[in-house]
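1. attaching a predicted model along with its sequence, questions to come.
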Amino acid sequence: MAPREVVVRQIGGALEGPAQSLPWKTMTVADDAVHLSEAHRRRAVILAVRPEVDGGHYPAKRVVGEPLVIEADIVGDGHDALRAVALDRPASRAAWRETEMALAGNDTWRAAIELTALGRHAFTVVAWIDAFATWRRGLERKLAAGVDVTVELLEGAALIEAAHARRADPALRQAAQVLRGAGPLAERIAIATGAVLAEAMARAPDRSGAVQYGRELVVTVERPLAAFSAWYELFPRSTRGDGAHGTLRDTEARLDYIAELGFDVVYLPPIHPIGRAFRKGPDNADAAEPDDPGSPWAIGGPEGGHTSVHPALGTLADFDRLVAAAHRRGLEIELDIALQASPDHPWVAQHPAWFKRRPDGTIQYAENPPKKYQDVYPFDFDSTDWRALWHALRDVFVFWCERGVRAFRVDNPHTKPIRFWRWCLAEVQARYPDAIFLAEAFTRPRLMYALAKVGFSQSYTYFTWRTTRAELEAYATELACTEVAEFFRPSFWPTTPDIFPEHLVHGGRAAFVARLVLAGTLAANYGIYGPSYELCEHEPRPGAEELARNEKYQVRTWDLDRPQSLRHVIARLNRIRRAHPALHGNRTLRFHPTDSEFVICYSKHTPDHRDVVLVVVNLDPHHVHRAYLTLDLAALGLSGDEGFQVHDLLSDAHYTWRGARSFVELVPDHSPAHIFEVRRFVRSENQFEHFL
């Protein structure tokens, strides 16, 4: 019979079954049979390993100190026992570390490994049929059935002797002798079923039939700030307080206020020189007056470009001083990196090939019809000199890392090549593994996800526009409770300098409080644009989803002591967030049904349920709403008709509830939201009742 082609998969030279997702290889095989190798006798089959993002093409995300829980679906034919280990290693090491996996049910095996080093971390899974465990399980069943096990003990002795040959161990040699001997049957059985023998056999496994998962998977390990953080955005030029252009020294004076609010990151828009050509006036007017400061995103002028400080703000020495002052207060300075240039940027003259020219010879400026940004030139990533451009842009990040910056917000990354970001972020983190990056990309969901997959630590989201209970539940569930959570860390912002949603235009103080609580408790990462937000600034620019007198185009003066300020509410929220580990992640987010479409209820908890937080928010800022909650008691670590206490961390009120059905009333002007700490009712050893 003529040879035919069949498609098989290959693992390190040995053929493996189609369950292994590896590159296809075509082989020519004579007759009707595929050539058989020893690999075909390997009976364990690893069907899937988690976390695995897009077939292992992209890494999952974790932070230092967070356990990496590795799961694998593993099966074998018949009823033989399986054994599996997880292998892991930092990318800098060649040797694997092994962690025993335990059966978690339904053919799913699980192990948790500790992540202690920043950077990329590889892992995979190995499984095999455990002949000793299979034999011992059969022995115990026959003993329970009263069956004579003399022959079975001899079979066990052979297995033990083979293990001793693999790894010399006096305990194994002695056990084999006992099982083969003529001693009392009860003594032989006791040795065969005892813990000492089981432990010795576990140290000398027969892995000749072991199967390794078809690929090494990767997890990117970042510092904890990547997963849990609170960001405060402000414009340094508006920090003076008397209407004059502020400086970095004035910004330094604002740090105590920001620390008092409880934020982790001070987010600065671009601090570079601003171009004069086509400078924008107030509220994006096409014509600017001589004293108009222009948009900070029109980067570059005679004074320098992306590695210079605007002279009106100060000097690089002033910036270094600001970074040091922030660190002393437990704050980090974050820089907004916008990869674009004003017509006056030095690179326009020095590297004209980095910009796209139109047929009439002019450089293509940025536009998003009908909007035009004549003051901004995008870079041409497909230019003939693209390698030099890519290196120069990478070096912008490196320059600021060298001055102590480790957090970056990247402007419009979705308008630059994804492959550039994969290369650039990896290059920066290879030098500075503690650098984190926030992607400002309000674009198509899959494109936002792609940016996260190639290296962005955090991402802006659609939270700003999700307002109904159904919208919030569906969106937050997608981000926290699906495979998206493996690679996409959402950052919830109620507003930005670019975006001011309609529900805050008309919602009043209650709307600002409700959206603040939602942002800070639904997502472990969140931020506000201040002082605009805490002062409830809400006058829109006509015809635009932005605030009037927009700070992007002019200097503003802020009265931080304004009576209606939310500064104390914000400070309390941030204290709650820091004090409750349940809010430090998103994966335990669970929504609880309510009988009002205007009342949303959800909870988060630590794995051991020692900390449980339940949040209830009135989504209607204009009316009182009452609702019955139907609580998922298991998600709260409660059971049955158990009594428990909820402590409102915003108002300090306490309520005693029992069972799954509870009632709430939310008054917008008084209590638009509750953040409850759930306390279980227990009895201590001295019989005093208290809440835990």
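-> Received, thanks.
2. so where's the stretch 501-650 of the chain uncertain?
-> Counting by pLDDT under 70, not a single residue of the stretch 501-650 of the chain qualifies.
3. make it 90
-> Low-confidence segments of the stretch 501-650 of the chain (pLDDT under 90): 543-544, 639-642.
4. ok, which stretches of it are helices?
-> 502-522, 567-579 (DSSP state H, counting those that start in this stretch).
5. what's the closest of those to Ser229?
-> For Ser229, the closest of the helices of the stretch 501-650 of the chain is helix 567-579, at 9.7 Å, according to Cβ to Cβ. C-beta coordinates here come from the backbone N, C-alpha and C atoms, glycine included.
6. which other residues reach that closest one?
-> The set of residues external to helix 567-579 that reach it, using Cβ atoms under 8 Å, 6 or more residues apart in numbering, is 228, 230, 260-263, 513, 516-517, 520-521, 528, 534, 560, 583-584, 649-650, 675.
7. buried ones among these?
-> For the contacts of helix 567-579, a burial check counting by 16 or more other Cβ atoms under 10 Å picks out 228, 230, 261-263, 513, 516-517, 520-521, 528, 534, 583-584, 649-650, 675.
8. go through these and flag which are in strands.
-> Using DSSP state E, Ala230, Ile528, Ile675 are the members of those that sit in strands.
9. adding distance to His654, write those out as JSON lines.
-> Shown next, in JSON lines, are those (distance: Cβ to Cβ, whole Å):
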{"residue": "Ala230", "distance to His654": "27"}
{"residue": "Ile528", "distance to His654": "29"}
{"residue": "Ile675", "distance to His654": "13"}
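10. and for Leu166, the neighbour number?
-> In this structure residue 166 is Arg, not Leu. Neighbour count of Arg166, defined by other Cβ atoms under 10 Å: 14.
11. model confidence for it, exactly?
-> Per-residue pLDDT puts Arg166 at 95.
12. residue contacts, the closest residue to it other than its chain neighbours?
-> Nearest non-adjacent residue to Arg166, counting by Cβ to Cβ, 6 or more residues apart in numbering: Ala204, 5.0 Å away. By Cβ under 8 Å, 6+ apart, the residues touching Ala204 are Ala163, His164, Arg166, Arg167, Asp169, Leu172.
13. just the buried residues of those residues.
-> Among these, those classed as buried by neighbour count (16+ other Cβ under 10 Å) are Ala163, His164, Asp169, Leu172.
14. is the first one in a helix, a strand, or coil?
-> So that's Ala163. Under DSSP: H, G, I helix; E, B strand; the rest coil, the three-state class of Ala163 is helix.
15. excluding its backbone neighbours, what's nearest it?
-> Ala204 (4.1 Å).
16. now do the same for the one you found: helix, strand or coil?
-> coil.
17. and Arg276, by the same measure?
-> At Arg276 the chain is in coil, as set by three-state DSSP.
18. surely it meets Asp344?
-> Yes. At 5.9 Å, Arg276 counts as touching Asp344 under the criterion of Cβ atoms under 8 Å.
19. and for the two, which residues touch both?
-> Listed as contacting both Arg276 and Asp344 by Cβ under 8 Å, 6+ apart are Gly301.
20. more neighbours, these two?
-> Neighbour count, other Cβ under 10 Å: between Arg276 and Asp344, Asp344 has more, with 23 against 16.
21. so what's that one up against?
-> Asp344 sits next to Gly275, Arg276, Ala277, Gly300, Gly301, Pro302 when contact means Cβ under 8 Å, 6+ apart.
22. ok, and the closest non-adjacent residue to the last one?
-> Sequence neighbours aside, Asp344 is the residue nearest to Pro302 in space, at 6.7 Å (criterion: Cβ to Cβ, 6+ apart).
23. part of a helix, is that neighbour?
-> No. Going by three-state DSSP, the assignment for Asp344 is coil, not a helix.
24. report pLDDT for it.
-> Asp344 is assigned 97 on the pLDDT scale.
25. good, we can wrap up now.
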